[in-house]
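**Student:** compute the structure for the input listed below.
(2 chains)
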Protein chains: 2
Amino acid sequence: MKARVHVTLKNGVLDPQGRAIHQALETLGFAGVQDVRQGKYIEIDLDETDRAKAESLVREMCATLLANTVIETYTVSLQD
Amino acid sequence: MKARVHVTLKNGVLDPQGRAIHQALETLGFAGVQDVRQGKYIEIDLDETDRAKAESLVREMCATLLANTVIETYTVSLQD
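**Tutor:** Coordinates of the predicted model:
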């Protein structure tokens, strides 16, 4: 089973990477950009075939390692 | 309009970050992890309201700045 994890900064948390991209886009002449936020996209291939077990396993991975839950949130989606 | 961009390494390209995560997960006792790949997830808020124009604008941003098209691929999805 493949898990897709998105780790993004919580609203209100300053995003220096997003800001740097925003400024670079403007420097390159891209107009009409209001805001840019950057996060992590992680794909995990698992032996587990049971969806419920796979989801709880990946959520535990997020809480333990993949996300800093003080400033980040995460979403988990699964694909057979 | 909000654009969601996923930038990931092309298949076959070594992913040191993914490998580091994989090893850390195993060290933490997570069994059954076959592979881990990490990429970038970027959200861009645009003034543009026309979907076709917004898509081509964001694809140009990807080709110009957001992705290293030699080793990375990208996907673009839009949300009104």
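**Student:** check which helix or strand A:Gly12 maps to.
**Tutor:** Counting by DSSP states H and E, A:Gly12 is held by no secondary-structure element, helix or strand.
**Student:** per-residue pLDDT of it, please?
**Tutor:** Reported pLDDT at A:Gly12 in the predicted model: 93.
**Student:** what about it, distance to A:Ile42?
**Tutor:** Taking CB to CB, to the nearest Å as the measure, A:Gly12 and A:Ile42 are separated by 23 Å. Every C-beta, even on glycine, is put in place using the N, C-alpha and C of the backbone.
**Student:** cool, A:Thr69 as well?
**Tutor:** As for A:Thr69, its distance to A:Ile42 is 15 Å (criterion: CB to CB).
**Student:** next one: A:Ala63
**Tutor:** For A:Ala63, the distance to A:Ile42 under the criterion CB to CB works out to 14 Å.
**Student:** more neighbours, these two?
**Tutor:** Neighbour comparison, A:Ala63 and A:Ile42: the larger count goes to A:Ile42, with 26 against 11 (by other CB atoms under 10 Å in any protein chain shown).
**Student:** hang on, that one packs against B:Val36?
**Tutor:** Yes. Counting by CB atoms under 8 Å, A:Ile42 sits close enough to B:Val36 to count as a contact (6.5 Å).
**Student:** which parts of chain A are strands?
**Tutor:** A:2-9, A:33-46, A:72-79 (DSSP state E).
**Student:** those: which one's closest to B:Arg59?
**Tutor:** Across the strands of chain A, the minimum distance to B:Arg59, taken as CB to CB, is reached by strand A:33-46, at 14.2 Å.
**Student:** by how many degrees do that closest one and strand A:2-9 diverge?
**Tutor:** The directions of strand A:33-46 and strand A:2-9 differ by 140 degrees, with axes from the mean of the first three to the mean of the last three CA atoms, to 10 degrees as the criterion.
**Student:** what residues of strand A:33-46 count as buried?
**Tutor:** Residues of strand A:33-46 classed as buried under the neighbour-count rule (16 or more other CB atoms under 10 Å in any protein chain shown) are A:33, A:36-44, A:46.
**Student:** common neighbours of A:Ile42 and B:Val36, please.
**Tutor:** Shared contacts of A:Ile42 and B:Val36, defined by CB atoms under 8 Å, 6 or more residues apart in numbering or on different chains, comprise B:18, B:21.
**Student:** and chain A, which residues reach chain B?
**Tutor:** For chain A, the residues in contact with chain B (CB under 8 Å from any CB of the partner chain) are A:6-8, A:18, A:21, A:24-25, A:28, A:30-48, A:57, A:60-61, A:64-66.
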